[in-house]
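# When you get a sec, could you give me coordinates for this:
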Amino acid sequence: MPRLFTGLEIPEAVAAHLTTLRGGLSGARWIDPENYHVTLRFIGDVENGTAAEVHEALRRVRRGPFTLQLTGLDAFGGRKPHSIHASVQPSPALHALQAEHERLMQMIGLPPEGRRYSPHVMIARLRGVSAGSVAGYLEGRGGFMSMPFEVTQFVLFSARASTGGGPYVVEEEYPLEGG
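Prediction:
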């Protein structure tokens, strides 16, 4: 039973820039650069038949390439922070692609995603780190911005059941070539 999600891979140069943010925060478990990604739609643990339906649905996506940029760092969890991420600059093309994935997954019978879509690249998971320490870390790295990068495909990832952070395996690639 695979655990699946769709997403965008992060180019090597952008991943290398993200790795410069590592360190300086005790209690952080830094995500390996090869596992950096922007999630489009979490699918979850599904039977092989449903995985095949997911693949067939995703093959029907017809969208053109677009440009993304990472701008700024933030944390999830409020007073009990649990992760640090790089935010994705707002992109109508990204949101349209994500919305299409959501519609397709519901059409094959998967429940709707319960959370509002907030595109990001997770760079660290936190355990026992105070909100003050996280605020200090974020303040010291203010102004983070990646170079813009072209998104020419999305992928279907699989993950092993764990606490998150990878390793992730690309199961299928879907080119963005028609708009």
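# Where do the helices of the protein begin and end?
Using DSSP state H, the helices found in the chain span residues 12-19, 48-58, 92-107, 131-140.
# Mind checking the ones you listed for the one nearest to residue 154?
helix 92-107 (6.7 Å; CB to CB). (Each C-beta comes from the backbone N, C-alpha and C, glycine too.)
# which residues are in contact with the closest one?
Identification of contacts with helix 92-107 by CB atoms under 8 Å, 6 or more residues apart in numbering yields 6, 38, 40-41, 43, 54, 57-58, 60-61, 63-64, 66, 68, 88, 112-113, 117, 119, 151, 154, 176.
# and with 10 Å instead?
By CB atoms under 10 Å, 6 or more residues apart in numbering, the list of residues contacting helix 92-107 from outside reads 4-8, 38-44, 50, 53-54, 56-58, 60-68, 88, 91, 110-113, 117, 119, 151, 154, 176, 179.
# Produce a PyMOL select command limited to the buried residues of these.
Selection of buried members from those for PyMOL, criterion 16 or more other CB atoms under 10 Å:
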select buried, resi 4+5+6+7+8+38+39+40+41+42+43+50+53+54+57+58+61+63+66+68+88+91+110+113+119+151+154+176
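# Look at residue 137 and say how many residues are nearby.
The number of residues packed near residue 137 is 22, by other CB atoms under 10 Å.
# Centroid-nearest residue for this structure?
Geometric centre of the chain, nearest residue: residue 38, 2.4 Å, by CA atoms, centre = their mean.
# Tell me where the model's unsure across the chain.
Within the chain, the ranges that satisfy pLDDT under 70 run 1, 161-165, 178-179.
# how about the residue lying farthest from the centre of it, what does it touch?
Outermost residue of the chain with respect to the C-alpha centroid, by CA atoms, centre = their mean, is residue 132; its distance is 25.5 Å. Residue 132 sits next to residue 81 when contact means CB under 10 Å, 6+ apart.
# what do you get if the cut-off is 7 Å, keeping everything else the same?
By CB atoms under 7 Å, 6 or more residues apart in numbering, the contact list for residue 132 is empty.
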